[in-house]
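>>> Got a predicted structure here, sequence first:
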Number of protein chains: 2
Amino acid sequence: MKKYVYSFEEGKKEMKSLLGGKGANLAEMSKIGLPVPPGFTLTTEACIHYIEIGEVLEDSLKESIFEHLEDLEEKLDKKFGDLEDPLLVSVRSGAVISMPGMMDTILNLGLNDQSVKGLAKKTSNPRFAYDSYRRLIQMFGNVVLGIPGYEFDNYLEDKKDEKDYDNDTDLTVEDLKEIIQDFKDLIKNRKNVEFPQAPEKQLLMAVKAVFSSWNNARAISYRNHNDIPHDLGTAVNIQTMVFGNIGDNSGTGVAFTRNPATGENKVFGEFLLNAQGEDVVAGIRTPKDIEELNNLMPEVYQEFIEVTETLEDHYQDMQDIEFTIQEGELYLLQTRTGKRTADAAVNIAVDMEEEGLIDKETAVMRIDPEDISQLLHPNFKEEELEKADLLATGLAASPGAATGKVYFNSEDAAQAAADGEDVILVRKETSPEDIEGMVESNGILTSRGGMTSHAAVVARGMGKCCVAGAGDIQVDEASKKFFVDDRVFNEEDYISLNGSTGEVYAGVVETTDAHLTDNFKKIMNWSDEYRTMGVYTNADTPNDAQVAVDFGAEGIGLCRTEHMFFDSERIISVREMIVADSKKKRKKALDKLFPYQKDDFKGIFKVMQDKTVTVRLLDPPLHEFLPQNERDIQKLADQLRIPITELKRIIDELEEMNPMLGHRGCRLGISYPEIYKMQVKAIISAALEVKEEEGYEVKADIMIPLVGSEKELSILRNDAIEIADELLENASVKIDYSVGTMIEIPRAALTADKIAAQADFFSFGTNDLTQMTYGFSRDDAGKFISQYLDQEIFAKDPFQVLDQEGVGQLVEKATELGRKEKPDFKIGICGEHGGEPSSIEFFHKTNLNYVSCSPYRVPIARLAAAQAALKNN
Amino acid sequence: MKKYVYSFEEGKKEMKSLLGGKGANLAEMSKIGLPVPPGFTLTTEACIHYIEIGEVLEDSLKESIFEHLEDLEEKLDKKFGDLEDPLLVSVRSGAVISMPGMMDTILNLGLNDQSVKGLAKKTSNPRFAYDSYRRLIQMFGNVVLGIPGYEFDNYLEDKKDEKDYDNDTDLTVEDLKEIIQDFKDLIKNRKNVEFPQAPEKQLLMAVKAVFSSWNNARAISYRNHNDIPHDLGTAVNIQTMVFGNIGDNSGTGVAFTRNPATGENKVFGEFLLNAQGEDVVAGIRTPKDIEELNNLMPEVYQEFIEVTETLEDHYQDMQDIEFTIQEGELYLLQTRTGKRTADAAVNIAVDMEEEGLIDKETAVMRIDPEDISQLLHPNFKEEELEKADLLATGLAASPGAATGKVYFNSEDAAQAAADGEDVILVRKETSPEDIEGMVESNGILTSRGGMTSHAAVVARGMGKCCVAGAGDIQVDEASKKFFVDDRVFNEEDYISLNGSTGEVYAGVVETTDAHLTDNFKKIMNWSDEYRTMGVYTNADTPNDAQVAVDFGAEGIGLCRTEHMFFDSERIISVREMIVADSKKKRKKALDKLFPYQKDDFKGIFKVMQDKTVTVRLLDPPLHEFLPQNERDIQKLADQLRIPITELKRIIDELEEMNPMLGHRGCRLGISYPEIYKMQVKAIISAALEVKEEEGYEVKADIMIPLVGSEKELSILRNDAIEIADELLENASVKIDYSVGTMIEIPRAALTADKIAAQADFFSFGTNDLTQMTYGFSRDDAGKFISQYLDQEIFAKDPFQVLDQEGVGQLVEKATELGRKEKPDFKIGICGEHGGEPSSIEFFHKTNLNYVSCSPYRVPIARLAAAQAALKNN
């Protein structure tokens, strides 16, 4: 039989995949001499095996559990189930990848109607004993037996109201005894079972519940959202209890070894006296700052600070710790790498490098590129804030600024977001059931809970703005309102949140660009040292180009010219060009467009200076530029002085069954060579003028879209070169230009050697390439793609994360064929995937020269490219 | 310097690519001792070189021409340009692949104002001399100087009318002298040049004109239509003249060694006395049957028959011959493999095999598979013919039956055909300018010209029904009418043609299936001996299936189930299923469809008996089944008893931007598993019942469409197997079934190893695969594909002829990956390309197990598969 149970002494931190994160770290902490209550771990393999055989605990596993329990009895010299002085244990799940709030915990296991009396007598603290028993029954009822937690909570609230108590700690022994009886009745009523009195039965039921909870809906949803595989399983940790609820010299808390919001190198945490387990994170009482412990128990505080230093030295990273103080003794119940905001991640990485704790490569590898986007998000405009209507200030739980309409539950929020609304989710507090609404919202506001509450932790993980514990706000979820003093806010009212300050404003507050710190710039510069791929941007305007350059873009990989066509001043000429019934008329209309296009390109060239600007010639089908409704059609007919029937005929004729597979891209260039010729003339003229006027070494890459066969490209390339060379011959200056193509049609990838012979460069258009390779369009796949993700037909949405197995083959093949034809061939990628870290790593491995992405993703791409280089060297 | 000029003695028939077809065969005939006037050939390389250096004759080439001319002078003891007894030559093009009427000829070259007098005196036949000179000026003016031929023709017609002559031969010497002067004036007027008097100048200008004519528009169009490469060039043959126009003991003619319409083993030809060159094929006078020559000149006839036998023995194929009789002497001016109808091709091949002239392999290789379709075309129904309105009888120029609206010029015909009309092109006579209209028409009717006229030759080549020389019909092309006695027919009136009898009917005559001859069956059976690929059919109904089986189909490769959904009885249940808002309602509607589908399959299984039937599960997007106009929507809402607003919402919701890239194929199966389950149940139930009732060993292959990833297939395959196995378990009989997939999405081809692991077979859907690989849809590509063909971006329409370079790579890759996973994996193809000969050869080389095509293409596929096997063994 496989070894399914490991005592803490047998484990170490490297055994995470077997023991789970919690188990491995408990073992590691034991190993390095930190005060950890003894215990043992059931492995993730035991969980997978349990699920595979149909959720059954095999006898051999049970035996092994009880053998290890006997070891604990020996160590502590207590007996499990003893009536006088019972050994109590906690049963806690511990997945390989930390999943906060997702899995379940049972404390105080081993108590029953008899032994609670023994414990009361033995500790001379009946309140503690009965409170512990109450908690056991409550957690057992919820976690093991599946009774909703609020049924117990509501009962407790009612009881406190009835007695006029503020806190749980006000409950007396008699109160607790009543509660215990009522909880047992509740269980009996709801589930028609008795709360089990036999400790062994409690233990085995609890183990089963934790194992089974691996596949509960919340856990599956969290894993889906966080890209965690479903076949890892969870470990179960069975650990002797220590108690924070014995009295005011006891307590429990959580802490980070540095500030997880800012990265400041100072322990950051909260604790509650006379409390147990989840009390702090559940946000039931508002906890105290960890520094207060220094006043209350200076020695414990001192020890605690030393422990955090030991842990950071040992793990070389910021740690997230759970601890309990039992009658003045500190115990560690958990350590793990702490989640942090992007800001904190950057600051911690740079600080630790400067402290000599880690090297630069490690610092660069420490930042999740996706998190960087938090830093790039806009903040509120200072001048707007001055006149903004401040409603309340809560905890600055997750930085950033957000504006939107308020919704009071997850479904409403998700629905409104799906309808295109900006959404702020407002809740008393959040729970794992709210994940979907949180994902879809711009920001999250809670009226209860601290910096480590569910809302705060999850929002930080998502890089989403969150203000937590804003106590001045009273939330009534049932009637979908919230109140601030005498003001009432209803569903769909606008509010704004500043997650960096905790401020909540009524109405919309306008935002400004992100402020980038020196540490952020350091990480970016270090990234640039390691990455080998260039990072370009997709930008169609001088403004976008400037943002991208400020973010470190080294060129433009995709400048879409059609966006320029939609401008209101020009659209009439565009339309005139489209409805022209002769080449002459079409040229006349194009002549009107020429100066606009030239100015567009000049603006961009001036921003980009000596950097490459890759301009894609007209791509969308012409009907996209024509009006659709009767009134606009009539107006256009009047403007162009043609009969409306004629105009309608033209519009009809241009309509397509499948525009994505229609008359677009270079096919337009073949049919109407004069369009591309005008564009090339505008590009080259603009480049020459900017060189003349500003002296920049303008580099214009002309990119022909949607090529499927070499002949298309050779015809259009020759046209372009003819135009360009004529302009250059008559110019007083010289500029660099080249003519290349997008690879976005599968056939182009398959015949890339021949295409390369006609091209100066390739740029993968992975959006279209994904559409064609999968045979579905982005517009239409919406109907089934979420179903495909749910059914795990797709691991990821292929429009967000490059499908390396299928589409990736074409990228590899085209690169290989292109470089076979021209060994130093320049190849980039300008689809959405150019800003997605796992795709960027693939492009690095495929030896592309650069990725191009939207301006706000440029820093992400720089970091991801560096990590790709570090991982694959 | 390269050798650019070959005398006939230096050539042989194997040198066709250098000397052109005509030159090589003139050389070959000289070699085997047949009476060929001496001459020499300028090579195709000379032509290509001439074009490459900018249409210039190099001095060295000119020298070489005149050296060879001197040889001719020696042989004939005449001088080129001599004033008393001039050596005259013809200059004729000779391409590698025969292009009738496409290239140009000049006869009688060397005559001028002086030597015509000498010739008249020397031959004592001034009429002959001046007629020859008239012809030279006319041909030179047209071919070399580019004056439209009709200007000369109209002048001649007017002259004959003026003089009240019936025939050219009625023209007197004085008439001819006038004409010569007028023709010279015409040239001077139109082109401001004098007709050149120097014979050397005539010769060099003529050579240039022929070389340049390689790239004239007619030639390019013909090559495009006939898939002839554009870089072959044409040779030029310079040959001493012999004259058929000296008098009534002279003549000229063309003949086939066997009947080109029926294949009958009997010389078939026509001749004109006192005529020259193109007179016979131009249809100016109606020629005499070759047998009449036996009466007029029995010795010449006897010699001629012997020559035809010699040629057939030598070439081992039916020959198409041009000959001239000069004062009782027979000369051969050309031989080439004769074009023939498909019927004739089959009969000649079988006859020659039986005569021992060729073997069976050669017989099979002799038939162009595309031509076979002529034999499969419907004929008129006998009973319809009895009551049909016979208008006229012309020559049975190209067999088959055709019905359509009449159009009087090529453009109108092509336009109407593009609009979906059935078109009959009606012309006095056709010329190369009419090619496009001929291609697009169902049939061609001319009022003039014989069996070897342009219309007849080209129509036979195209396998298109043609009635030629229907003299009772008067065509007025200008007013777009034709007259038969006092009846008038206008544009768009219907007529019907029987190309096998020459009969022309007013109105529509209904057609019946083709009658297949014993010789045809012999060729098919021989084909089956050689081919290694199976030939399946695409059939959705028992009737189609029966036609295909009669044509030799060995199975069904594609049975589309959606066609069954459109049946009026069922569409209401289909629609009910689509608008169902719950799985339960959807199942209810599907339950109603089930018995229909089962009966559909039973009908097909009964026809196919023990042969495999591959059924594709539902493929098109659901909105295709819903009504589009207001009235039908209202009607459906009433039928389904749902509000019209609700129904419209559903229709809107189902609408797609790009249906081809939308929610279709297996994506529907994933979203609505109950649809596929119903279909699988219907297939398997039907198979079991047919096995029970009829005892056939039914073989059902269930095919899942549009798969892009292995998981889609595995989910749907498991569903299908579950349903099938349950039915089989409870059945009293066993049947064979399997579950496979189409490969029609590029990603499926790229990951075919993984997909194969989930499949029992593959079938390439090359229609969709072509669409996705090229990124354009069949519906939308219409707008630019003809332009792409014109500009030679595509050599062929990729929807008709498989793109081996691009799409073919995916076919090869998927086959290789599939067979790597499963070495004996069954792989077929069921796109349009399955019936196209060059694509079939590709599939043979790729080792596919079968091709599947429409029923009428099954014989073509059988033959093409045999030829592929013979060529590639």
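Thanks, I have it.
>>> So what touches stretch A:481-491?
If you take CB atoms under 8 Å, 6 or more residues apart in numbering or on different chains as the criterion, stretch A:481-491 is touched by A:391-392, A:405-408, A:412, A:426, A:447, A:472-476, A:480, A:495, A:506. C-beta: built from backbone N, CA, C; applies to glycine.
>>> Just these: which are in helices?
Counted as lying in helices by DSSP state H, out of these, are A:Asp412.
>>> Out of the contacts of stretch A:481-491, which end up buried?
A:391-392, A:405-408, A:412, A:426, A:447, A:473, A:475, A:480, A:495, A:506 (16 or more other CB atoms under 10 Å in any protein chain shown).
>>> Name the nearest of those residues relative to A:Gly328.
A:Ser447 (34.6 Å; CB to CB).
>>> ok, the closest one touching A:Val467?
No. With contacts counted by CB atoms under 8 Å, A:Ser447 stays clear of A:Val467, the gap being 9.7 Å.
>>> which neighbours do the two share?
In contact with both A:Ser447 and A:Val467: A:Gly394, using CB under 8 Å, 6+ apart.
>>> Show me what residue of the stretch 1-150 of chain A gets nearest to chain B.
Scanning the stretch 1-150 of chain A for the residue nearest chain B gives A:Glu52, at 19.0 Å (criterion: CB to the nearest CB).
>>> Also the stretch 351-500 of chain A?
A:Ala418 (14.0 Å).
>>> Tell me how many other residues crowd the closest residue in space to that residue that isn't next to it in sequence.
Excluding the flanking residues, the one nearest A:Ala418 by CB to CB, 6 or more residues apart in numbering or on different chains is A:Glu440, at 7.2 Å. A:Glu440: 18 surrounding residues under other CB atoms under 10 Å in any protein chain shown.
>>> can you check the one 10 residues further on too?
Under the neighbour criterion other CB under 10 Å, A:Gly450 is assigned a count of 23.
>>> and A:Leu293, what is it in contact with?
By CB under 8 Å, 6+ apart, the neighbours of A:Leu293 are A:253, A:271, A:300-301, A:304.
>>> A:Glu492 belongs to a strand?
No. With DSSP: H, G, I helix; E, B strand; the rest coil as the criterion, A:Glu492 is located in coil rather than a strand.
>>> Now the helix ranked longest in chain A: buried residues?
For chain A, the longest helix by residue count, based on DSSP H, is helix A:583-608. Within helix A:583-608, the residues that count as buried by 16+ other CB under 10 Å are A:586-587, A:589-590, A:593-594, A:596-598, A:600-608.
>>> how far does that helix sit from the chain's center?
Relative to its parent chain, helix A:583-608 has a centroid offset of 41 Å by CA atoms, centre = their mean, to the nearest Å.
>>> and the gap between the residue lying closest to A:Met297 once chain neighbours are set aside and A:Ser250?
Nearest-residue entry for A:Met297: A:Gly328, 6.6 Å, with adjacent residues in sequence omitted and distances by CB to CB, 6+ apart. In this structure, A:Gly328 and A:Ser250 are 8 Å apart, going by CB to CB, to the nearest Å.
>>> Between these two, tell me which one has more neighbours.
A:Ser250 (23 against 11).
>>> CA atoms only for the host helix or strand of A:Thr403 - export them in CSV, please.
Using DSSP states H and E, A:Thr403 sits in strand A:401-407. Only the C-alpha atoms of strand A:401-407 are listed here, as CSV (Å, rounded to 0.1, in the frame of the first residue of the first chain):
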residue,chain,number,x,y,z
ALA,A,401,-9.8,53.4,-8.9
ALA,A,402,-13.2,52.2,-10.1
THR,A,403,-16.5,53.8,-11.1
GLY,A,404,-19.8,52.1,-11.8
LYS,A,405,-23.4,51.4,-11.0
VAL,A,406,-24.0,49.6,-7.7
TYR,A,407,-25.4,46.1,-7.6
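>>> just curious, which of the contacts of A:Leu293 is nearest to chain B?
Nearest to chain B among those, with distances taken as CB to the nearest CB, is A:Gly253, at 45.8 Å.
>>> Now for that closest one: which residues touch it?
A:269-272, A:280, A:287, A:290, A:293, A:322-325.
>>> before we move on, back to that, near chain B, anything from the longest helix of chain A?
No. Helix A:583-608 is not in contact with chain B by CB under 8 Å from any CB of the partner chain; minimum separation 13.8 Å.
>>> by contact count, what packs against that helix?
Where contact means 3 or more CB pairs under 8 Å, 6 or more residues apart in numbering or on different chains; DSSP states H and E, helix A:583-608 is packed against helix A:542-550, strand A:555-560, helix A:562-565, helix A:568-579, strand A:612-616, helix A:673-694.
>>> Compare those and report which one is nearest to chain B.
That would be helix A:673-694 among those, by CB to the nearest CB, at 10.4 Å.
>>> now could you export just the CA positions of that closest one as PDB?
Coordinates of each C-alpha in helix A:673-694 appear next as PDB, following Å, rounded to 0.1, in the frame of the first residue of the first chain:
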ATOM      1  CA  PRO A 673      -5.200  48.800 -56.300                       C
ATOM      2  CA  GLU A 674      -5.700  52.500 -56.100                       C
ATOM      3  CA  ILE A 675      -6.700  52.300 -52.400                       C
ATOM      4  CA  TYR A 676      -3.500  50.700 -51.300                       C
ATOM      5  CA  LYS A 677      -1.500  52.900 -53.600                       C
ATOM      6  CA  MET A 678      -3.000  56.000 -52.000                       C
ATOM      7  CA  GLN A 679      -2.100  54.600 -48.600                       C
ATOM      8  CA  VAL A 680       1.500  53.700 -49.500                       C
ATOM      9  CA  LYS A 681       1.900  57.200 -51.000                       C
ATOM     10  CA  ALA A 682       0.600  58.700 -47.700                       C
ATOM     11  CA  ILE A 683       2.900  56.600 -45.600                       C
ATOM     12  CA  ILE A 684       6.100  57.300 -47.600                       C
ATOM     13  CA  SER A 685       5.200  61.000 -48.100                       C
ATOM     14  CA  ALA A 686       4.600  61.300 -44.400                       C
ATOM     15  CA  ALA A 687       7.900  59.600 -43.500                       C
ATOM     16  CA  LEU A 688       9.800  61.800 -45.900                       C
ATOM     17  CA  GLU A 689       8.300  65.000 -44.500                       C
ATOM     18  CA  VAL A 690       9.000  64.000 -40.900                       C
ATOM     19  CA  LYS A 691      12.500  63.100 -41.800                       C
ATOM     20  CA  GLU A 692      12.900  66.500 -43.500                       C
ATOM     21  CA  GLU A 693      11.200  68.500 -40.800                       C
ATOM     22  CA  GLU A 694      12.300  66.800 -37.700                       C
END
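>>> Cheers, nothing more for now.
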